[in-house]
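A.B. asks: Output the structure for:
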Amino acid sequence: MTRISFRAALVALGIGFAAIAAAQSTNPNAKVTGRFQGSLGADAHEVLEFSCFGSPTCTGQYNEEFRVDHCSNTLTMGGTITITGLQLGQSGALQGNVTMSHWDFEVQSQSDGTCRIGNAAPASFSYTGHYNAGTFSGTLTMDVHGFSLPGTFAANTNSAPPVFPMTVESRIDNVSATASAAIQFRPQDVGQQASVFVFAMAPASRVQGAESAGVLKLGFAKDEKKADTPIGCVLAQLNAAGQMVAVSSANLAAYLTGVLTSQGASVSILNGVPTSNVSGATFFVGYGSSGSAMINTGVNRAAVTVPGSLVCEPAAPQTGWWWNPLEDGRGFSLEMRGNNLFFAAFLYDVSGRSTWYVSTGPVSLEGTLYNGELLSAAGGQTLGGPYQRFPTLTSLGNLNLTFNNAATGTMVWPGGTVPIQRFNIIPNGLNLPPVQGQPESGWWWNENESGRGFFMEWQNGWLDIAGYMYDDAGNPVWYLTVGEIGGTAANRSFNGTWWSYTGGQALFGPWRQNTRSNPNVAPVTITFSGPDTALMTLPNGRTTNLKRHRF
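C.D. replies: As a prediction, this is how the structure comes out:
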């Protein structure tokens, strides 16, 4: 038996733009997630991913993969993490400590060349690094018993919290998989009768009954290079024999049922299950009045992913513009914030007039799935006129979105099934870095003028903005414009003209080419006073105060 007492380390990677806090301040809304990767000596290699909340002390979860050259398999562990010293108020040097709940563990060599996980203990290591407040990213290097382990990170300093608190402990080798979770029920749910569920999204090829009617399908499994495969992911649960069996949300079996208390619940997710039985599955814990309610309301969280040659993992969509390249002229603006999604589609009615639809509500499976009503709005505010009233909403049916990864997915709505993907505003725009002082992408509005909104996405200093509002007759109408960022890094601005379009694709029916009917509907000027606040000048000199819509 070989004991490896040194362990690998940390990284922080997050996302977002937000108001910059003062240096040395406490920010409970900061989210840090990321990846740390490197070698700990000549024959030991570490990959660690984690997500935590808070600044300067960040607490959360980590999952690590550890490989020793003489072992033919990879060992994985998971637990709680605490990182101190993450000052995210301004650019500067960082230093602190990282504490892991199962950092030191024994690697037990087996006669067949594989390795098992032995006794484990917590450990703490110091780190140094640097944070760039302009790009919300930085670097970290951890000192692990004399070995330097580098990483990178980014931070969202105004993140929505997870749907409910949960801590997970896991240990997985090539023979068995064990994982457990402690969950805390939301205050508004305490005292209600509900069930707790343990379930998985798993490669269909490893799930019994995966092709049965009613099974919930969830994107595609990834291969060892993280590329999509033709193998789908499906909803599954373990049977009494420890085999994964496909299920629908309606026939999920409850782990426990009763009155929810403030003490929360302890849940056994995997209890020494043969690793080969659950290879590639991501296991979730959730609760609700029924399995369907738990899935549809999104009150669930991913707990542990079992490594495999095929893996199904949650895939939250990127905020920004989406489209189907085969249906040019119609597009979708989409933002996910915390556990909620806000979606709008710009397209045309049967007469060719521009129109739009909207949907908002909770996501499920960490953003992989969204189910909601598709709504049509009418009777609200025009481009240049005064505020009238909140519009009238009419349901057009259901909207279902599933995501294979951050940039591709499938939409099922009253108009049929549509593959969708992220849109490049400029060539290769999705892969280009932001410019300094670039405001946030996503939904903007004047909260005193509810019912009208503006969706903005920036790519390398170019802005694509749509205004969703109403014409003089109260019909929904949208305007679009694209252009480069102006001003300085400290005072950004945008100047352009609104464009209108007609004659394109409707909700139903085949594709048809749209036409830009007016390239100069009205001028538009936006002066940004911060990453999430702005003043927009509308026709006739009227102005409106905009800020990010924190739905």
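A.B. asks: Got phi/psi on Ser205?
C.D. replies: Dihedral pair for Ser205: phi -70, psi -10, per degrees, to the nearest 10.
A.B. asks: For it, the count of nearby residues, please.
C.D. replies: For Ser205, the count of nearby residues is 14 (other Cβ atoms under 10 Å). (Each C-beta comes from the backbone N, C-alpha and C, glycine too.)
A.B. asks: and it, how far is that from Ala240?
C.D. replies: In this view, Ser205 and Ala240 are 22 Å apart by Cβ to Cβ, to the nearest Å.
A.B. asks: can you check Asn97 too?
C.D. replies: Per Cβ to Cβ, Asn97 is found 44 Å from Ala240.
A.B. asks: do Ala281 as well
C.D. replies: Ala281 is 17 Å from Ala240, where distance means Cβ to Cβ.
A.B. asks: who has more neighbours, Asn97 and Ala240?
C.D. replies: Neighbours were counted for Asn97 and for Ala240 using other Cβ under 10 Å; Asn97 has more, 15 against 5.
A.B. asks: give me phi/psi at the more buried one?
C.D. replies: With angles defined as degrees, to the nearest 10, Asn97 sits at phi -130, psi 150.
A.B. asks: was I right about it contacting Pro122?
C.D. replies: No. If you go by Cβ atoms under 8 Å, Asn97 and Pro122 don't touch, sitting 12.0 Å apart.
A.B. asks: Let's check: the centremost residue of this protein is which one?
C.D. replies: Ala316 (3.5 Å; Cα atoms, centre = their mean).
A.B. asks: Contacts only, for it.
C.D. replies: By Cβ atoms under 8 Å, 6 or more residues apart in numbering, the contact set of Ala316 is Met336, Val363, Glu366, Gly367, Thr368, Phe403, Ala406.
A.B. asks: And Glu327, by the same measure?
C.D. replies: By Cβ under 8 Å, 6+ apart, the residues touching Glu327 are Val418, Gln505, Trp511.
A.B. asks: Please apply the same query to Trp445.
C.D. replies: Here Trp445 is in contact with Arg452, Gly453, Phe454, Leu546, Lys547, His549 (criterion: Cβ under 8 Å, 6+ apart).
A.B. asks: Which of the helices or strands spans the nearest residue to Gly379 once chain neighbours are set aside?
C.D. replies: Counting by Cβ to Cβ, 6 or more residues apart in numbering, Gly379 lies nearest to Gly474, which is 4.1 Å off, once chain neighbours are set aside. Of the helices and strands defined by DSSP states H and E, none includes Gly474.
A.B. asks: Would you check that Gly474 makes contact with Ala377?
C.D. replies: No. Using Cβ under 8 Å, Gly474 makes no contact with Ala377, being 9.6 Å away.
A.B. asks: and for those two, which residues touch both?
C.D. replies: Pro391.
A.B. asks: These two - which one has more neighbours?
C.D. replies: Using other Cβ under 10 Å as the criterion, Gly474 and Ala377 rank with Ala377 on top: 23 against 16.
A.B. asks: and that one, what does it touch?
C.D. replies: With contacts defined as Cβ under 8 Å, 6+ apart, Ala377 is in contact with Trp356, Val358, Pro391, Thr392, Leu393, Thr394, Gly451, Tyr470, Pro476.
A.B. asks: Please spell out the PyMOL selection for the buried subset of the residues you listed.
C.D. replies: Here is the PyMOL command that picks out the buried ones among the contacts of Ala377, judged by 16 or more other Cβ atoms under 10 Å:
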select buried, resi 356+358+391+451+470+476
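A.B. asks: May I see the contacts of Ala377 arranged in CSV, with pLDDT as well?
C.D. replies: Listed next are the contacts of Ala377 as CSV, based on pLDDT from 0 to 100:
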residue, pLDDT
Trp356, 98
Val358, 98
Pro391, 94
Thr392, 94
Leu393, 96
Thr394, 96
Gly451, 94
Tyr470, 96
Pro476, 97
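A.B. asks: Show me which of the contacts of Ala377 is closest to Asn277.
C.D. replies: Checking the contacts of Ala377 against Asn277 by Cβ to Cβ gives Val358 as the nearest, at 42.9 Å.
A.B. asks: Find the nearest non-adjacent residue to that closest one, please.
C.D. replies: Ala344 (4.7 Å).
A.B. asks: my guess is that neighbour contacts Glu335, does it?
C.D. replies: No. The pair Ala344 / Glu335 is not scored as a contact, 9.5 Å apart, by Cβ under 8 Å.
A.B. asks: Name the residues contacting each of the two.
C.D. replies: Common contacts of Ala344 and Glu335 (Cβ under 8 Å, 6+ apart): Phe455.
A.B. asks: Identify the residues contacting Ile426.
C.D. replies: Neighbouring residues of Ile426 by Cβ under 8 Å, 6+ apart: Leu432, Gln459, Asn460, Trp462.
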